[in-house]
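**Q** give the three-dimensional model of this entry:
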Amino acid sequence: MKTRTLQFAMLCFCLYTAGALPAQTPNSKNATAQNDPASGANAKSPAPAHEIAIKAGHLVDVDSGTVLSDQVILVRDNRVIAVGKALAIPTSATVIDLSNMTVLPGLIDCHTHLADGARDPSGDPLSYLKRTAAEVALESVPNAKVTLDSGFTTVRDVGVYRALTDVALRDAIARGNIPGPRMYVAGAYVTITGGAGALTGAAPDIQLPWDLRYGQADGPWQVRAVIRKLANDGVDHIKILSSGAVLEHGSNPNSQEFTMEELQAAVEEAHAFGLRVEAHAHSAQGIKNAIRAGVASVEHASMIDDEGIALAKERGTYLDMDIYDEECIEADARSGAIPPDFVQHDAALGQIQRDNFRKAVRAGVKLSFGTDAGVCPYGVAARQLAFMVKYGMTPMQAIQAATTSAADLLGHSDVLGSIKPGKYADIIAVASDPIQDVRALETVSFVMKDGKVYKQGNSDN
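**A** The predicted structure is shown next:
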């Protein structure tokens with residue numbers, strides 16, 4: 001049943017063919033013949049390299065935290081090969097003139113749910129009981145496109161209810177079937193029975209299908225078994241839930257979920273497969289448990305206390321705090337678009353999280369950019385940058401959270417996060433100076449991913 005569902009979803013994705021073939025993601029199990037050196041497809045003479053020269057009026061150098069003027073970026077195929085002032089432009093190169101714009105590396109969102117399908121008007125996760133996995137997968141196609149068009153060329157997708165739909169979406173993008181950001185995916189939520197990542201709220205005598213309970217585990221050895229399955233399914237990282245949730249029935253954000261022994265087993269097992277772990281955690285103790293277990297990042301970190309902040313700084317743990325999406329939760333609450341128990345869970349939590357974000361900035365904790373995309377409409381993630389500035393960051397620090405810091409958290413600073421020779425040609429441009437007003441990044445005019453232009457001009461997404 002699992003194989004048939006995924007095959008059908010992948011077949012449907014192929015109806016949405018678009019664009020040239022970007023590079024495969026590291027764990028994609030569906031590499032095409034032309035990307036497989038052992039397949040014999042490379043026996044023919046390679047096509048001539050495609051070169052592009054981008055003239056950048058201003059270039060945000062996120063590594064140094066400075067803005068450079070009158071730069072030339074040379075791109076060959078999907079990589080940056082040179083950056084500098086007055087570089088010689090090859091006569092065969094295609095020239096893209098962004099002399100009147102500010103150019104930046106493609107942005108990275110470390111907390112998205114692109115593969116969760118369309119946002120249901122009820123705001124209730126139980127809507128997944130009305131949709132097949134194939135429907136959810138196809139509904140996710142526009143989410144990917146609008147995210148890329150908004151300037152986010154890479155995302156870390158941190159879990160889906162319908163297991164492995166994110167793997168299918170990642171691979172369809174990597175093959176070039178559909179446009180979207182480069183995706184690093186979790187495959188499913190690793191959660192206790194009835195926990196924050198379980199689809200709760202259904203009648204107790206309803207048997208959920210396998211893909212809605214794929215990640216449930218109780219006890220260290222069940223946790224290890226689930227992670228082994230996910231690793232075999234080709235995920236890029238592991239998402240575990242260490243506290244209750246806001247947007248889940250019967251949950252309590254103040255609670256702790258998973259014992260220390262279970263959390264440690266998760267991190268140890270994931271590391272055995274070369275995978276990093278991120279932990280959903282709102283409660284102060286759930287946050288500290290996750291940090292002590294060795295996770296790479298804590299998601300939300302809403303009620304982190306002073307001890308937790310000090311612990312995160314000491315251990316080098318990233319906090320990935322989605323401080324904008326409270327705007328959308330409150331708007332949905334006013335319009336009755338989310339269940340009343342979710343509103344109750346959220347009471348006062350948004351401001352607590354924002355105040356703690358400010359504390360974390362002052363303490364010098366590592367902070368990455370993550371929005372919980374899907375809580376707000378897809379394509380508006382850049383709005384969080386202004387909130388990060390409002391609550392203590394400089395505009396450059398906010399941009400670095402979505403570039404260099406995000407790439408570091410993903411473990412891919414060698415190819416992501418800045419415009420430097422050898423890195424992927426993920427490049428965006430905006431009309432005004434985001435260092436003066438970071439809200440300039442809410443309107444991205446130019447998007448290149450992997451050396452291919454996906455957006456050029458001021459047209460709407």
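
**Q** helices along the chain, start to end?
**A** For the chain, the helices defined by DSSP state H cover 2-13, 133-139, 141-149, 165-175, 220-232, 260-272, 284-293, 306-315, 326-335, 340-346, 349-363, 383-390, 395-401, 404-410.

**Q** and among those helices, the most buried is which?
**A** Neighbour counts (mean count of other C-beta atoms under 10 Å) averaged over each of the helices of the chain peak at helix 165-175, with a mean of 27. (Glycine included, C-beta is placed from N, CA and C.)

**Q** what angle do helix 220-232 and that helix make with each other?
**A** Here helix 165-175 runs at an angle of 20 degrees relative to helix 220-232 (axes from the mean of the first three to the mean of the last three C-alpha atoms, to 10 degrees).

**Q** can you put the helices of the chain in TSV and add distance to residue 428 and mean pLDDT?
**A** Listed next are those as TSV, based on distance: least, C-beta to C-beta, whole Å; pLDDT from 0 to 100:
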stretch	distance to residue 428	mean pLDDT
helix 2-13	25	45
helix 133-139	26	91
helix 141-149	10	98
helix 165-175	17	97
helix 220-232	32	97
helix 260-272	32	98
helix 284-293	32	97
helix 306-315	30	98
helix 326-335	23	86
helix 340-346	32	73
helix 349-363	24	96
helix 383-390	13	98
helix 395-401	11	98
helix 404-410	14	98
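
**Q** out of the ones you listed, nearest to residue 185?
**A** When these are compared for distance to residue 185 using C-beta to C-beta, the nearest one is helix 165-175, at 3.9 Å.

**Q** next, the angle helix 141-149 makes with that closest one.
**A** If you take the same axes, to 10 degrees, helix 165-175 sits at 60 degrees to helix 141-149.

**Q** helix 165-175 packs against which elements?
**A** Identification of packing neighbours for helix 165-175 by 3 or more C-beta pairs under 8 Å, 6 or more residues apart in numbering; DSSP states H and E yields helix 2-13, helix 133-139, helix 141-149, strand 152-157, strand 182-185.

**Q** return the residues in contact with residue 324.
**A** Counting by C-beta atoms under 8 Å, 6 or more residues apart in numbering, residue 324 touches 371, 376, 381, 383, 384, 387.

**Q** tell me the spacing between the last one and residue 403.
**A** It stands for residue 387. Between residue 387 and residue 403 the computed distance is 17 Å (C-beta to C-beta, to the nearest Å).

**Q** got it, and the first one?
**A** Here residue 371 is placed at a distance of 15 Å from residue 403 (C-beta to C-beta).

**Q** state the pLDDT value of the residue in the chain sticking out farthest from the centre.
**A** The centre of the chain is farthest from one residue, residue 91, which by C-alpha atoms, centre = their mean lies 37.8 Å away. Predicted confidence (pLDDT) for residue 91: 94.

**Q** can you check the one 10 residues further on too?
**A** Listed pLDDT for residue 101 reads 98.

**Q** the nearest residue to it once chain neighbours are set aside - how many residues pack around it?
**A** Excluding the flanking residues, the one nearest residue 101 by C-beta to C-beta, 6 or more residues apart in numbering is residue 429, at 4.2 Å. Counted with other C-beta atoms under 10 Å, the neighbours of residue 429 add up to 24.

**Q** can you list the domains in the protein?
**A** Domains of the chain are assigned by automatic domain parsing as 51-106+421-456, 107-410.

**Q** distance between the ends of the first one?
**A** The straight-line separation of the ends of domain 51-106+421-456 (C-alpha to C-alpha, to the nearest Å) is 18 Å.

**Q** stretch 271-285 now?
**A** Taking C-alpha to C-alpha, stretch 271-285 runs 23 Å from one end to the other.

**Q** got the buried residues for it?
**A** 275, 276, 277, 278, 279, 280, 281, 282, 283, 284, 285 (16 or more other C-beta atoms under 10 Å).

**Q** does the second one touch residue 240 like I think?
**A** Which is residue 276. No: Residue 276 is beyond contact range of residue 240, at 11.1 Å (criterion: C-beta atoms under 8 Å).

**Q** identify the contacts common to these two.
**A** Counting by C-beta under 8 Å, 6+ apart, the residues touching both residue 276 and residue 240 are residue 295.

**Q** what pairs with residue 240 across the strands?
**A** Bridge pairing for residue 240 (DSSP bridges) gives the partners residue 190, residue 279.

**Q** list the contacts for it?
**A** By C-beta under 8 Å, 6+ apart, the contact list for residue 240 reads 189-191, 223, 258, 263, 266, 277-280, 290, 295.

**Q** kindly state the pLDDT recorded for it?
**A** Predicted confidence (pLDDT) for residue 240: 97.

**Q** do you know how far it is from residue 374?
**A** As judged by C-beta to C-beta, residue 240 and residue 374 stand 19 Å apart.

**Q** same check on residue 421?
**A** Taking C-beta to C-beta, one finds residue 421 at 35 Å from residue 374.

**Q** okay, these two: which has more neighbours?
**A** Higher neighbour count among residue 421 and residue 374: residue 374, with 23 against 12, using other C-beta under 10 Å.

**Q** now the residue lying closest to that one once chain neighbours are set aside: phi and psi?
**A** Distance criterion C-beta to C-beta, 6+ apart; nearest residue to residue 374, sequence neighbours excluded, is residue 113 at 3.8 Å. According to degrees, to the nearest 10, the main-chain angles of residue 113 amount to phi -140, psi 60.

**Q** residue 113: what's it in contact with?
**A** For residue 113, the contact set (C-beta under 8 Å, 6+ apart) comprises 157, 158, 159, 160, 372, 373, 374.

**Q** I'd like to know how far the third one sits from residue 265.
**A** If I follow you right, that is residue 159. Shown here: residue 159 relative to residue 265, a distance of 19 Å by C-beta to C-beta.

**Q** do the same with the fifth one
**A** For residue 372, the distance to residue 265 equals 26 Å [C-beta to C-beta].

**Q** right, I'll call it a day here.
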